[in-house]
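Student: Need a 3D model of the following:
(chains A and B)
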Amino acid sequence: MTMQKALFLDVWGGTLDSATRGFDRLYLGAESCHWMLPGLHRLRAVRRHCERSGIALTLVTPLLAPGGLPRARALLDELPPGAEVVVNDWGLLEDVRASGLVPVLGRLLIKTCRDPRVGPSDLDDPVMLRHLRATNLAEPAFLQFLDGEGIRRVELDNVPQGWEIALPPAMRASFHFPRVYASTTWRCGMTPEDPEARVHGTCRRSCRRRHADATVSADPTRAVTLSATYRYRAGQLSFENPVLPTNLERWNVDRVVVHEPQEGASGGPADLSAWDGLHARLGSAVPWGYDKVDRRLVERVVRYAPVARPRTLDLGCGNGRNAVALAAAGCDLVGLDASATALAHCRTRVPGVPLVLGDAANLPFDRARFDVVMDSGCLHAIPPSRHADYADGIRRVLAPDGVFVAFARRRDPEKPATDPVFLVDGGLAEWGFTPGQVAEMLGGDFALVEATPHDGQTGETFWYLVFRRAGDGTTPGRGPIDPAWAGALESGAPGEGDRKPEATPLRLAAPVPAPAWPREGFPSRAALRELAARHGFDWQGERVEGQRVVVELSGPAGAFRIVVFPATDDAPCYRGAGRWKVAYQGPMPGGAFLEALLAACEAG
Amino acid sequence: MREEARLQIHCPLRGLDEVDALVQAGADSFYAGIDPDAGPGKAGSFLSRRHMPNENFPSIREFLEAAARAHVAGRTVHLALNAPLYSASSWDVGLGIADAVVGRPGVAGIIVADPGMLVALHRRFPECPLTASTVMGLTNEAAVARFKTLGIRRVVVPRSLAIPEVAQMVRAHPDIAFECFVLNDRCPNIDAVCGFVHGFAGVRFDYQVSICRCTVYGEKGAGDASEGTRASGGFGENLVFEREACGACAIPRLREAGVEHLKIVGRSRPLADKVKAVRFIHAARELLASSPRGDLGTQAIALHQAHLGAGCVPRMCYYPAARRPGRVSRPAREAG
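Tutor: This is a model prediction of the structure:
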């Protein structure tokens, strides 16, 4: 089955040529608010572009209030016969068919749980998983109804729990990625002063320029500890699931619908499709080699990682040449790349490793998600206008004491940082760096640990760079920057290692052991183990994340996680007392245990 | 133009012992679910939109007894089979319940949400009046028209619609009865297309309460609303669930729009609360009937205070435009 690639475009500030390059189909429209539908002129322009570029067009229509019906119907008249229309409102179905168009069942009309709080403990519980996977697409009568309505395609979401469906062979599915639809509200979050903006036509359509990310936090009255982040935009609540499942064909998926990058605060959406085009065009002939592991880079990850089995982000993982070695070295790996083609190859090499199609300058991961971020030639492909976004992402996803390891092009410090130093395949620009420039990007809490120059075989020059993020004071071994590299930091000039690359990489810090148990005055592991055993729970493991102690436990209701953290941290919790707070993730283990745990922590 | 009939108060029911008290308070009809697998230690069959403990009748027998008692009092009960979807096992249980109750004394019809279930019920009971639950998401007149051909005779209007929009739907379908929410549980999200876990799981979650009942932090603008940018501005407040929501001020306008049934939410609430709620809406209805101007003015707010023991606040309003003096809703402007 050939996998088509479609781009979901609702609002776009750039040019269509750049946006749609590399895609077979364009989805245009909105799912939750009719004010976000394109106007007639816009639709005509996009249709012309698609016809010129040989790209198919799908119009996406929303759930409709009475005032939205005429607007949606007018757009149908602009489509050529046989064009696809995604229907999210039962009322528009008849119009679509009557216009000779092809109806597709939209995400809003497909029932299943879509909740950002569904977590690993839910997915590990077979009973919970069965309930979470309940969907009307598994209901024979509903499928018969769709058949009678002439619907032969459905739009699936990248829901965390996956799908348990067996669609009829004639029914195809599209797969939306990475944003998951969660809910729709017409109590507008953007025009709150007019609750009937939809009726009055006073909508300012500010969703075209912005969205809002909301954190749903604990409800102390219900002992809710899980929090989640979702995005509000154009009446829709959505969240991101960046892990693309393997073997989409089992759900009759023959199309992946990629959601456009949201317009960011700086730099605008990135044109990532060019990199995918390069992978698709050159295959194994991509200039950085297809099979060769960069052992120098992987060895540095292993050497500097703050823990034995580091949670590692392979940034710009490409076809997976380094991912193989990282996984073999015991890293708990996640790969990210801008090219779906490259990721498809990567998946065959490291099956089971979560792979994320995404933008290195807009990382879709939680705060402190990784112990190591390894960048293999990705940073130097980021345009200077987006360096700040890139660095913001690294700072966000890297845990305290985490390590940033990069392989990046070197530049002559006399030349402007904005001048490209290389053109990949004669077209895509790459930029060079100095260690000081990278240090400045990352900010003051990152210490340069190593900067080793490397000369490529064709005269190109690179750096191997290692930075360690400041921890919470519990990690030993970090010291001031070696004077031998002070000059390099200031001038960007290569240091001693330039003459003997790889001979003796300079390191300023010894390999750092895993962070110690939090501190004096905190109960020992043994004491906490005993406490858990007294309450009938099995100790599955523990780890320290900065000032947080995370304990994995299991009990009659299944596996769960306890997090103990300082009271100064205002993250959601079950309860806090004095110096410490306690939170749980997964089935509630019982108040008695949590209270006893809290008391033990307070007592030290 | 349909004739303005007396507004009917549609009230939740979950036990035989509730019927008499609610009839005395002023209820005209009831809606109720049956979940034989509900109760302590049981998984629940997820047969209707409400599937938590004590939200449904535990047996067909008790449901039929309640329907018969309502019938004696001149009232009716609608069976809620309005789960958003049905698994193979719950499908069979649901149809079995329908078989047992359709045509029995006091049973006025079935409320449905799933198109598959609607088709099956209409084939099985062609004469049985079917109501489109709010979970079906009929938000415009074309959607009503689509399902009218499949046996829908009454529509529970989604909470998200404004009164002018309701009026437009009523005008388009004079042969359909329309029912609007007037009290309790105003969720900001649209039931029919909401995927948050409480509506779907069919199991008892200890920690995954409705996301819209939690505190929401947000800030307008692109980018993260991280801890540093928490704000309690309009965005967050606008999207928070309101348990005590009220639309009593809008009753005159709902009547003008042609709405026939006023829905009170809260199957699981204590009987005393239900009685207060019905008395409140009944008092508002009677006041309106005796009003020479056909309006409630600010008296609905006074009734709220008198019957529910608390003043209403704007953010709890089901139909804010109806509450604000001087605000006149106009039909939507044609999009350019």
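
Student: drop to CA atoms for contacts and neighbour counts, all remaining ones
Tutor: Fine.

Student: Show the contacting residues for residue B:297.
Tutor: Going by CA atoms under 8 Å, 6 or more residues apart in numbering or on different chains, residue B:297 touches residue B:249.

Student: With residue B:275 instead?
Tutor: Residues in contact with residue B:275 (CA under 8 Å, 6+ apart) are B:21-22, B:25.

Student: how does it look with 10 Å?
Tutor: B:11, B:18, B:21-27, B:307 (CA atoms under 10 Å, 6 or more residues apart in numbering or on different chains).

Student: list the buried ones in the helix or strand it falls within?
Tutor: Per DSSP states H and E, residue B:275 falls inside helix B:271-290. For helix B:271-290, the neighbour count (16 or more other CA atoms under 10 Å in any protein chain shown) marks B:271, B:274-285, B:287-289 as buried.

Student: What secondary structure category should be reported for residue A:463?
Tutor: Assigned by DSSP: H, G, I helix; E, B strand; the rest coil, the conformation of residue A:463 is strand.

Student: and the nearest residue to it once chain neighbours are set aside, how many neighbours does it have?
Tutor: Excluding its sequence neighbours, the residue lying closest to residue A:463 (CA to CA, 6 or more residues apart in numbering or on different chains) is residue A:453, at 4.4 Å. Residue A:453: 27 surrounding residues under other CA atoms under 10 Å in any protein chain shown.

Student: my guess is residue A:453 meets residue A:464, correct?
Tutor: Yes. Judged on CA atoms under 10 Å, residue A:453 makes contact with residue A:464 at a distance of 6.2 Å.

Student: Count the residues that sit near whatever residue of the stretch 51-200 of chain A ends up closest to chain B.
Tutor: Residue of the stretch 51-200 of chain A nearest chain B, by CA to the nearest CA: residue A:91 (3.5 Å). For residue A:91, the neighbour count with other CA under 10 Å is 25.

Student: Name all residues that make contact with it.
Tutor: By CA under 10 Å, 6+ apart, residue A:91 lies in contact with A:63-66, A:69, B:137-147.

Student: so of those, which ones are in helices?
Tutor: The helices, defined by DSSP state H, take in A:69, B:141-147 from the contacts of residue A:91.

Student: Can you lay out the residues you listed as JSON lines showing pLDDT?
Tutor: Compiled in JSON lines, these are given as follows (pLDDT from 0 to 100):
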{"residue": "A:69", "pLDDT": "95"}
{"residue": "B:141", "pLDDT": "98"}
{"residue": "B:142", "pLDDT": "98"}
{"residue": "B:143", "pLDDT": "98"}
{"residue": "B:144", "pLDDT": "98"}
{"residue": "B:145", "pLDDT": "97"}
{"residue": "B:146", "pLDDT": "96"}
{"residue": "B:147", "pLDDT": "97"}
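
Student: and of the residues you listed, the nearest to residue B:257?
Tutor: Nearest to residue B:257 among the ones in helices among the contacts of residue A:91, counting by CA to CA, is residue B:141 at 14.0 Å.

Student: OK, contacts around the residue lying closest to the closest one once chain neighbours are set aside?
Tutor: In space, and not counting its chain neighbours, residue B:141 is closest to residue B:169: 4.8 Å by CA to CA, 6+ apart. Applying CA under 10 Å, 6+ apart, we find residue B:169 in contact with A:65-66, B:138-145, B:157, B:163, B:176, B:178, B:257-258.

Student: How about residue A:107?
Tutor: By CA under 10 Å, 6+ apart, the contact list for residue A:107 reads A:31, A:62, A:86-88, A:154-157, A:174-176, A:180-182, B:193.

Student: Please report how far it lies from residue B:286.
Tutor: 44 Å (CA to CA, to the nearest Å).

Student: can you check residue B:314 too?
Tutor: Counting by CA to CA, the gap from residue B:314 to residue B:286 is 24 Å.

Student: Likewise for residue A:531?
Tutor: Here residue A:531 is placed at a distance of 62 Å from residue B:286 (CA to CA).

Student: What of residue A:359?
Tutor: Separation of residue A:359 from residue B:286 (CA to CA): 62 Å.

Student: again, but for residue B:311
Tutor: From residue B:311 across to residue B:286, the span is 20 Å (CA to CA).

Student: before we move on, back to that, I'd like the average pLDDT over the helix holding residue B:275.
Tutor: Mean pLDDT, computed over helix B:271-290, is 95.

Student: for it, the distance to its chain's centre please.
Tutor: 16 Å (CA atoms, centre = their mean, to the nearest Å).

Student: which stretch of helix or strand covers residue A:407?
Tutor: Residue A:407 belongs to strand A:398-409, assigned by DSSP H and E.

Student: Please compute how far the next helix or strand after that strand lies from its chain's middle.
Tutor: Note on strand A:398-409: by DSSP H and E, the next helix or strand toward the C-terminus is strand A:420-424. Relative to its chain's centre, strand A:420-424 lies at 28 Å (CA atoms, centre = their mean).

Student: Please name every helix or strand in contact with strand A:420-424.
Tutor: Using 3 or more CA pairs under 10 Å, 6 or more residues apart in numbering or on different chains; DSSP states H and E, the elements in contact with strand A:420-424 are strand A:428-431.

Student: in its sheet, what does the strand it packs on sit against?
Tutor: strand A:420-424 (antiparallel) (DSSP bridges).

Student: for the stretch 51-200 of chain B, which spans come out with low pLDDT?
Tutor: B:51-53, B:197-200 (pLDDT under 70).
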